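Chemist: Could you work out the structure for the sequence below:
(one chain, ligands or ions: 2)
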Amino acid sequence: MSIIRILPEAVANKIAAGEVVERPASVVKELMENSLDAGAGRVEVSLEAGGKRLIRVADDGCGMTHDDALLAFERHATSKIRSAEDLFEVSTLGFRGEALPSIAAVSRLELQTRHTAESAGTRIEIAGGRLRDVKEVTWAGGTQVEARDLFFNTPARRKFLKSESTELGHIATLVTHYALAHPQRSFRLTSLTNEILNAAPVGSARERVYQVLGGQVLEQLVELAMVERRLPQALPPGIEEEVQPEESGLARVTGFASRPEIHRLNRNQIYFFVNRRLVRDRLILHAISEAYRNILPASVFPVALIFLELPAFEVDVNVHPSKIEVRFRHSQFIHDLVRDSIRQALVSARPVAAFPMSKTPKAPATDTLEADAAERLSEEPPVMKGPEILWPDSARQSERGEALRLSSPRPAPQTGRLPLEGAALSVYAPPDEAERPGIPANAEMPESSAASEFPTDLLPLGQVQESFIVATNGEGLWLVDQHAAHERVLFEHHLRQRHEKKVEGQRLLLPIVVELKPEQQATFQELAEELAANGFEVEPFGQRTVAVKTAPAEIRADDVERLLLEILDNVGGEAKSLSLDVLRGKIAASVSCHAAIKVNMPLDRDKMDWLLRALGRADCPMTCPHGRPIVLRYGMKDLLKAFKRI
Ligand code: ADP
Ligand code: MG
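Modeler: Ligands and ions are numbered 1, 2, ... in the order given. The predicted model follows:
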């Protein structure tokens, strides 16, 4: 007797639904993707109870004919691909034909649609996968899907849902990011009567960022200049001959990446889109952290919105049931392209941190607007909770007491002089909790010049506590951390010399004997060659001791031992696993830190002048190799405001 049986359609759909529909946000994602695939110019999402009671997605796309509308609920029914080969070149967001039957299997679903070619519309009702009703209706056009009581027939699943505000937060994040990826289309998200997002079509990604995330977030970002590269020619396996090599085409990166002073404690604010599809990708996360290497501290993360466009056959989207992971045919190429695009933007913009400013009193009109927004939001529980939340409003963070933090031994900034509280800039921001999406403001979009780049015409005036150089130019007042500045200059110089195999060593009068701990000894053996290329001449000398005969030129003899041990400890057991670039970066950072001018050191005018010029020529004058800020700018406008002249 046979014990294997084919599962009934309804059971199969429930199983598929388990993969596709995890929470209300997954339903919204699938329905929104369908709307975008249908060519909609307008997508409206309405919710009740965080999507648990109702999710409604309406669009003005092409709609469906009566027959197609019924077919759409069959499993694996799709208009987007026809054959297995098409899987290699998916240009739509959907292609699996699983979403509608899956959603219908676990909710009470109602679809209304009308195809442009038909005069009557169609209304279909399905509950828990069972067709309840099909009717002809009058329907203006486009498609609307309502999914009520998600998981009503799978109580175990329902129990896993989080609070309404958490689910709403996930949906808001999702809709916001689809809106960011499609600036020419309009998106609206409401929860009961509460409007969470309303974004009319705009002309550019920059305007969309301003519209949905607000001016403050925009100011924290550097826009990437579009970088385009031709993909490698070789035909990847699985692609048939009919794909001509010249069609290998271009890969293009655009987007936004945060200025170096913006720090996040997790990766929640890194968003990556492949052909306008929001995906998760480890490779890209790695490329982004590479881009920020020696610009951001090792333990923090930037904010990034990266859009990658490439020919459909270069990316396999059929990797994950809910299509949030992809595989690239030329993954290393894509990795390097993303890394270089961000790095290039950071280096060419050379963004300087504005001095943390207190919030200036707002014009009453703005106040009302904000109050309105706050009120609208407070009708609902906090929108943004849970792990995937929107970009923080940094003023809000600083209100929670997170202002600028300098690490010792630098003197802590005194309050009451320059207004430090309510910083517009927050370094080491707290984990992002209870954030909310920026309410579209009516104010003018800030000009990009609000973000200043490092100047080359600074006139040094003196030092604060023999540690920070005070300088001016036409733009205002500048404070420069002399140690960090010199460190950056030496770091870049050292790396360049290393690259050209020209690092100079200086022979010590007497060799310095250094005793190593066992793990340091092990690291030393791994590192010996690289140390030699970095200006060291070190020889084994007895059991666990080495003799340093030559050290990098700028290092004082009495600092050589500390430097060597620091390098060995920093690299630790990782010598083998680190890429050569990372390893060289670590060594250069240690050498430059030891060689740089210290704090509490008087500098004459010429030295200050030299340092400011040298910094002006650096690739990344904004942060030291450990990621701390080097320069703060107190702009003319801020000065005038502080003195109540404007
Ligand atoms: P897929 O998107 O993978 O094709 P779905 O189950 O999401 O599968 O949808 C099935 C089909 O229904 C789609 O291929 C499309 O033809 C049609 N469809 C779904 N939603 C819409 C919509 N909003 N507008 C027009 N057609 C739609
Ligand atoms: Mg779909």
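Chemist: use CA for all of it now, contacts and neighbours both
Modeler: Noted.
Chemist: Residue 83: what's it in contact with?
Modeler: Neighbour list for residue 83: empty [criterion: Cα atoms under 8 Å, 6 or more residues apart in numbering].
Chemist: for residue 315, same thing?
Modeler: 88-89, 326-329.
Chemist: Mind checking which of the residues you listed are buried?
Modeler: Burial by neighbour count, 16 or more other Cα atoms under 10 Å: within the contacts of residue 315 this picks out 88-89, 326, 329.
Chemist: Relative to the whole chain's centre, how far out is the helix or strand hosting residue 582?
Modeler: Using DSSP states H and E, residue 582 falls within helix 580-595. Mean-position distance between helix 580-595 and its chain equals 26 Å (Cα atoms, centre = their mean, to the nearest Å).
Chemist: helices and strands around that helix, which ones?
Modeler: helix 482-499, helix 560-571 (3 or more Cα pairs under 8 Å, 6 or more residues apart in numbering; DSSP states H and E).
Chemist: Tell me which helix or strand comes right after that helix.
Modeler: Counting by DSSP H and E, what follows helix 580-595 is helix 605-617.
Chemist: where does the protein come near ligand 1, residue by residue?
Modeler: 34-35, 38, 61-64, 72, 77-80, 94-100, 143 (Cα under 6 Å from any ligand atom).
Chemist: and with 5 Å instead?
Modeler: With Cα under 5 Å from any ligand atom as the criterion, the chain comes near ligand 1 at residues 34-35, 38, 63, 72, 78-79, 94-100, 143.
Chemist: low pLDDT regions in the stretch 451-600 of the chain?
Modeler: Within the stretch 451-600 of the chain, the set of residues satisfying pLDDT under 70 comprises 451-452.
Chemist: Show me what from this structure comes close to ligand 2.
Modeler: Residues of the chain lying near ligand 2 by Cα under 5 Å from the ion: 34, 94.
Chemist: go again using 8 Å as the cut-off
Modeler: Neighbours of ligand 2 within the chain, by Cα under 8 Å from the ion: 30-31, 33-34, 37, 78, 93-100.
Chemist: Tell me where the model's unsure across the stretch 151-300 of the chain.
Modeler: Applying pLDDT under 70 to the stretch 151-300 of the chain flags the ranges 234-248.
Chemist: one more time with 80, if that's ok
Modeler: 233-248 (pLDDT under 80).
Chemist: Any chance of the contacts of residue 315 in a markdown table with secondary structure as columns?
Modeler: What follows is these, written out as a markdown table (DSSP: H, G, I helix; E, B strand; the rest coil):
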| residue | secondary structure |
| --- | --- |
| 88 | helix |
| 89 | helix |
| 326 | coil |
| 327 | strand |
| 328 | strand |
| 329 | coil |
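Chemist: wait, what's in contact with residue 224?
Modeler: Residue 224 neighbours (Cα under 8 Å, 6+ apart): 253-257, 341-342, 344-345.
Chemist: okay, now residue 592: neighbour count?
Modeler: Using other Cα atoms under 10 Å, residue 592 has 28 neighbouring residues.
Chemist: Return the distance of it relative to residue 52.
Modeler: 56 Å (Cα to Cα, to the nearest Å).
Chemist: With residue 85 instead?
Modeler: To residue 52, residue 85 is 38 Å away according to Cα to Cα.
Chemist: out of these two, which sits in the busier spot?
Modeler: residue 52 (25 against 12).
Chemist: Pull the contacting residues for the more buried one.
Modeler: Contacts of residue 52 by Cα under 8 Å, 6+ apart are 24, 148-150, 164.
Chemist: which phi and psi does the residue in the chain that ligand 2 sits nearest to have?
Modeler: For the chain, the residue closest to ligand 2 is residue 94, as judged by Cα to the ion, at 4.2 Å. Dihedral pair for residue 94: phi -100, psi 170, per degrees, to the nearest 10.
Chemist: Same check on the one 4 residues further on?
Modeler: Backbone geometry at residue 98, expressed as degrees, to the nearest 10, gives phi -110, psi -20.
Chemist: where does it land on pLDDT?
Modeler: On pLDDT, residue 98 comes in at 89.
Chemist: Quick check: the gap between it and residue 21.
Modeler: Look at residue 98 and residue 21: by Cα to Cα, they are 10 Å apart.
Chemist: can you check residue 479 too?
Modeler: Distance from residue 479 to residue 21, by Cα to Cα: 53 Å.
Chemist: Between these two, which is the more surrounded one?
Modeler: The neighbour comparison of residue 479 against residue 21 (other Cα under 10 Å) goes to residue 21, with 25 against 20.
Chemist: So the more buried one sits against residue 27, correct?
Modeler: Yes: contact criterion Cα atoms under 8 Å: residue 21 and residue 27 qualify, at 6.1 Å.
Chemist: Most neighbours among the contacts of residue 224, please name it.
Modeler: Neighbour-wise, the contacts of residue 224 (other Cα under 10 Å) top out at residue 342, 30 neighbours.
Chemist: Quick one: residues contacting it.
Modeler: 224, 257, 288, 291.
Chemist: mind listing which of these are in helices?
Modeler: 288, 291 (DSSP state H).
Chemist: would JSON lines of the contacts of residue 342 with distance to residue 532 be doable?
Modeler: Converted to JSON lines, the contacts of residue 342 look like this (distance: Cα to Cα, whole Å):
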{"residue": "224", "distance to residue 532": "38"}
{"residue": "257", "distance to residue 532": "37"}
{"residue": "288", "distance to residue 532": "31"}
{"residue": "291", "distance to residue 532": "27"}
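Chemist: so what pLDDT did the closest residue to residue 109 other than its chain neighbours get?
Modeler: In space, and not counting its chain neighbours, residue 109 is closest to residue 147: 4.5 Å by Cα to Cα, 6 or more residues apart in numbering. Reported pLDDT at residue 147 in the predicted model: 98.
Chemist: what is residue 147 paired to in the beta sheet?
Modeler: residue 55, residue 109 (DSSP bridges).
Chemist: how near is it to residue 107?
Modeler: The value you get for residue 147 to residue 107, if Cα to Cα is used, is 6 Å.
Chemist: With neighbour numbers in mind, choose between the two.
Modeler: residue 147 (27 against 24).
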